[in-house]
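Enquirer: coords please:
(one chain, ligands or ions: 2)
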Amino acid sequence: MVFMMAFTHNLGFPRMGSRRELKFALEAYWKDRSSRDELKALGAVLRHRHWEAQKTLDWVPVGDFSFYDQVLDMSFTLGNLPQRAQAFHGDVLDNYFRVARGRSAQSAETSCCGGVAAGEMTKWFDTNYHYIVPEFTAATGFTLDASRLLEQLAEARALGVKAKPVIIGPLTYLALGKAKDGSDKLALLQRLVPVYGQLLEALADAGAEWVQIDEPILVTELDADWRHAFNLAYHDLKASRAKILLATYFGPLQDNLHLVAELPVAGVHLDAVNAREEVLPLLGLLTGLKVLSLGVINGRNIWKTDLNAVLDWLEPIAERLGNRLWIAPSCSLLHVPVDLDSEQGLDGEIRSWLSFARQKLEELALLANALNHGCQAVGAELDSNRAAVEGRRNSRRIHNPAVKTALAGITAQHGRRQSPYAVRAVRQAARLNLPRFPTTTIGSFPQTAEIRQARNRFKAGEVDGKAYKKAMQAEIARSVREQESLGLDVLVHGEAERNDMVEYFGEQLDGYVFSQHGWVQSYGSRCVKPPILYGDISRPRAMTVDWIEYAQSLTERPMKGMLTGPVTLLNWSFVRDDQPRAASCLQLAMAIRQEVLDLEKAGVRIIQIDEAALREGLPLRKSQWKSYLDWAVEAFRIAANGVADETQIHTHMCYSEFNDIIEAIAAMDADVITIETSRSGMELLEAFDHFRYPNGIGPGVYDIHSPNIPTIQHMIDLMKKAALRIPAERLWVNPDCGLKTRQWSEVMPALTNLVAAAETLRKTQ
Ligand code: GLN
Ligand code: ZN
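Expert: Ligands and ions are numbered 1, 2, ... in the order given. Predicted structure coming up:
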């Protein structure tokens, strides 16, 4: 074997801590239960610990730690604070929290300038991480504040860490921001790039040899202006003494491949998991001494890497590149949990298939060892990796022949209702006998402290299943009683028995497991623990029928069955990498379909299938949207459409950007869709100017994200706006999402007004 020298590095490490230490420290500080100095000290402890965990790497990321969000960090580094935050004269960290979430700790507020409007938050590419959107106007200027990065760099170097500062690149930073005055963001580039130049100089002065500049926007479609801007910016930065590693991830570069290959940077990182087919072309285009960093370990999922397969593929590339090859995870490890060693409760076989952040770095070290010293140097480790990968591939736990047969039996018929909407609507109206502008809610009622306590006690084994069931039934009875007293037309059971809309179903389906500590940051101090979909999905028994039957037994009014849809179950889980997402989605669809049919058999007249996360699954490139929407919509239709004409199918979605996917939403063919619109004042309905939505729709008129009680008039006005675009016969009146995060004391007056608004509408519209 030829001698090679592959270097290892990491793009970013999860910052929360394996026990979510940062979350608890942040929340304690915000509640005034600890001091700013304690919080800062905890930050330093976590950084040290995480560097320590990465110490075998040749280059360790610095600057990836954040007290809230790395994009907001960049806004502070570039001196781009919104106007409303500029007059603050307290500690910078307090101002940072004000921009992030509207306020910092109580004591910090009272001693200084009070709260401000929180920055807007949105999803980081196609992940479930949310960043604070940078704000621009035509007048925006930038001034460097390198203090955070320089302090962390000094801290790392003092500990002997081989530090590689990480920053977000100028084009991605601009692309992710919002021009509040509608001005052209690219016009700011000439003011922005010099500040990046200064930053690189400052980092070089402080001893940084390499700086990783993240430009993930390169995996999306860029027009000529943006591509040109890339050239301008990086030609300007060429003079810097720090070597630039330009990092792209989350997908292939496609038509940006040449652009990237030709930028005057010292190295390029490519996501070799999602863009493996671009490695050889890129290698062929790279000139001179450029470093090629390959992301060979998936930074977005929790599966063990097939190291032998990676080596087979990587060795010839390593021979060509010699010491110009770096290897790394595909992207920052921010998107995976920290440490599999914490998962002692997990089934042993399944655990042997998994790899969290720390384990992924061990895999990386192994690969480097094999490349640099020959496979025999790590023969035993490679053998055990092969055994684990093969064990998973062949496990009977993964492959369920009955599921595969059922899937093979799916025909176009499965996705089709018996009759078109117009026919169904008549039959459903005859059966349900609802008034015009029928009122309903989205599913959950407040998850009170008592409900959570009862569930915790049940999980801890302090109360038995029977007592727990009784407690939940009492909650259901309470919400039915309240809904009747309010005079709502279509009732819900309130979801008291559900911890989470995905977890609840995942726990009852075969093919899912749950970690104990597998937390991933969602935004700020908030983390989610995505379930792990590891095998063929089947439904051993009905999941919701007992609860809904019980709820229906308490009232004459129609009780909605309440399910989470296949696309949402998929998009909010870690999913299999051994089959396409579409295939896993179809399996989920078949399981939900059985539940739908069981509910129908039990006499349930209306069934709601939530697809809160349908939009989240959209691919980063628009050119791939259609293929995703095709299979996602078909999965929903298969789940929903086995029912008779008389059974009414509802769906619910948690967002209001419909313009670009309205046709797909209509193609789902739900009889009624409820959506989030109240905050945007029915702006969403603009989508309906160009497209006639054919079925029933409930544009949410009560913003459940706010503690405010909506007035009757406000809701009437919103519905009137809706009635300009959708015929009144097809309109429903409802809140814009579930009520589980609200208090009963807020919900009752709000729904009283909602019912009153519907009554007025019936008389006047
Ligand atoms: N049915 C769910 C609820 O009411 C829907 C939640 C959601 O859309 N995120 O809580
Ligand atoms: Zn919702």
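Enquirer: strands of the stretch 151-300 of the chain, start to end?
Expert: Under the criterion DSSP state E, counting those that start in this stretch, strands of the stretch 151-300 of the chain are mapped to 163-168, 178-179, 210-214, 243-247, 267-270, 291-297.
Enquirer: mean confidence for the longest one?
Expert: If I follow you right, that is strand 291-297. Mean per-residue pLDDT for strand 291-297: 98.
Enquirer: show residues contacting the helix or strand that it is followed by.
Expert: For strand 291-297, the following helix or strand on the C-terminal side (DSSP states H and E) is helix 307-321. Helix 307-321 has contacts (CB atoms under 8 Å, 6 or more residues apart in numbering) with 2, 4, 6, 276, 279-280, 283, 292, 294, 296, 325, 327, 363, 366-367, 370-371, 375, 382, 385-386, 389. (Glycine included, C-beta is placed from N, CA and C.)
Enquirer: show the buried residues in these.
Expert: 4, 6, 276, 279, 283, 292, 294, 296, 325, 327, 363, 366-367, 370-371, 375, 382, 385, 389 (16 or more other CB atoms under 10 Å).
Enquirer: where helices are concerned, which of the residues you listed count?
Expert: Using DSSP state H, the members of the buried ones among the contacts of helix 307-321 that fall in helices are 279, 283, 363, 366-367, 370-371, 382, 385, 389.
Enquirer: contact residues of this protein facing ligand 1?
Expert: By the rule CB under 6 Å from any ligand atom, the part of the chain lying against ligand 1 is 442-444, 495, 501, 562, 610, 612, 652, 654, 737-738, 740.
Enquirer: just the CA coordinates for stretch 284-293, please, in CSV.
Expert: This file holds the C-alpha atoms of stretch 284-293, laid out as CSV (Å, rounded to 0.1, in the frame of the first residue of the first chain):
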residue,chain,number,x,y,z
GLY,A,284,-10.4,16.6,-11.6
LEU,A,285,-11.1,20.3,-11.5
LEU,A,286,-9.1,21.3,-8.4
THR,A,287,-6.0,23.1,-9.3
GLY,A,288,-2.6,23.4,-7.7
LEU,A,289,-2.2,22.5,-4.1
LYS,A,290,-5.8,22.8,-3.0
VAL,A,291,-7.0,20.6,-0.2
LEU,A,292,-10.0,18.5,-0.7
SER,A,293,-12.0,17.7,2.4
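Enquirer: list the buried residues of it.
Expert: Buried residues in stretch 284-293, defined by neighbour count with 16+ other CB under 10 Å: 286, 290-293.
Enquirer: out of those residues, which one sits closest to ligand 1?
Expert: Nearest to ligand 1, judged by CB to the nearest ligand atom, of the buried residues of stretch 284-293 is Ser293 at 38.0 Å.
Enquirer: residue contacts, that closest one?
Expert: Ser293 makes contact with 9, 245, 247, 267-270, 325-328 under the criterion CB under 8 Å, 6+ apart.
Enquirer: can you name the two of those that are farthest apart?
Expert: Farthest pair in those (CB to CB) is Ala247 and Leu325. Separation: 15.3 Å.
Enquirer: quick one, phi psi at the most centrally placed residue in the chain?
Expert: Closest residue to the average C-alpha location of the chain: Asn128 at 1.6 Å, with CA atoms, centre = their mean. With angles defined as degrees, to the nearest 10, Asn128 sits at phi -100, psi 20.
Enquirer: once you drop chain neighbours, what's closest to it?
Expert: Residue nearest to Asn128 in three dimensions, not counting chain neighbours: Ser522, with 5.8 Å by CB to CB, 6 or more residues apart in numbering.
Enquirer: can you list the buried residues in the one helix or strand that neighbour maps to?
Expert: Element membership for Ser522, per DSSP H and E: strand 520-523. Residues of strand 520-523 classed as buried: 520-521, 523 (neighbour count, 16+ other CB under 10 Å).
Enquirer: quick check: the gap between the residue of the stretch 651-765 of the chain found nearest ligand 1 and Pro82.
Expert: Taking CB to the nearest ligand atom, ligand 1 has its nearest neighbour within the stretch 651-765 of the chain at Gly738, 2.1 Å off. From Gly738 across to Pro82, the span is 31 Å (CB to CB, to the nearest Å).
Enquirer: which parts of the stretch 301-450 of the chain sit against ligand 2?
Expert: Within the stretch 301-450 of the chain, no position is adjacent to ligand 2 by CB under 5 Å from the ion.
Enquirer: in the stretch 301-450 of the chain, what spans have low per-residue confidence?
Expert: Nowhere does the stretch 301-450 of the chain drop to pLDDT under 70.
Enquirer: ranges for the strands of it?
Expert: With strands called from DSSP E, counting those that start in this stretch, the stretch 301-450 of the chain shows them at 325-329.
Enquirer: can you check the stretch 501-650 of the chain too?
Expert: Using DSSP E, counting those that start in this stretch, the strands of the stretch 501-650 of the chain run over residues 510-513, 520-523, 526-528, 532-538, 560-564, 606-610, 648-653.
Enquirer: between those strands, which one is nearest to Gln594?
Expert: It's strand 532-538; of these, that one is closest to Gln594 (CB to CB) at 9.0 Å.
Enquirer: mean confidence for the closest one?
Expert: For strand 532-538, mean pLDDT is 98.
Enquirer: what does stretch 104-116 give?
Expert: Average pLDDT, stretch 104-116: 75.
Enquirer: isn't the residue nearest to Asn128 right up against Thr127?
Expert: No: contact criterion CB atoms under 8 Å: Ser522 and Thr127 do not qualify, at 9.4 Å.
Enquirer: any regions of the protein where pLDDT drops low?
Expert: Using pLDDT under 70, the chain drops low at 1-4, 109-112, 656, 678-681, 684.
Enquirer: how about the residues of it near ligand 2?
Expert: With CB under 5 Å from the ion as the criterion, the chain comes near ligand 2 at residues 612, 654, 737.
Enquirer: by neighbours, which of those wins?
Expert: Cys737 (27 neighbours; other CB atoms under 10 Å).
Enquirer: next up, identify which helix or strand that residue is on.
Expert: Going by DSSP H and E, Cys737 is not in any helix or strand.
Enquirer: what's near enough to touch it?
Expert: 442, 652, 654, 676, 700, 704-705.
Enquirer: counting neighbours, what do you get for Ala380?
Expert: Other residues within reach of Ala380, judged by other CB under 10 Å, total 9.
Enquirer: could you check how far it is from ligand 1?
Expert: Remark: distance between Ala380 and ligand 1 (CB to the nearest ligand atom, to the nearest Å) = 47 Å.
Enquirer: quick revisit: including distance to Asp339, could the strands of the stretch 151-300 of the chain go into CSV?
Expert: Shown next, in CSV, are the strands of the stretch 151-300 of the chain (distance: least, CB to CB, whole Å):
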stretch, distance to Asp339
strand 163-168, 21
strand 178-179, 36
strand 210-214, 23
strand 243-247, 24
strand 267-270, 24
strand 291-297, 15
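Enquirer: which stretch among those comes nearest Arg227?
Expert: Arg227 lies closest, by CB to CB, to one member of the strands of the stretch 151-300 of the chain: strand 243-247, at 14.0 Å.
Enquirer: ok, the closest one: who's next to it in the sheet?
Expert: strand 210-214 (parallel), strand 267-270 (parallel) (DSSP bridges).
Enquirer: fine, thanks again, bye for now.
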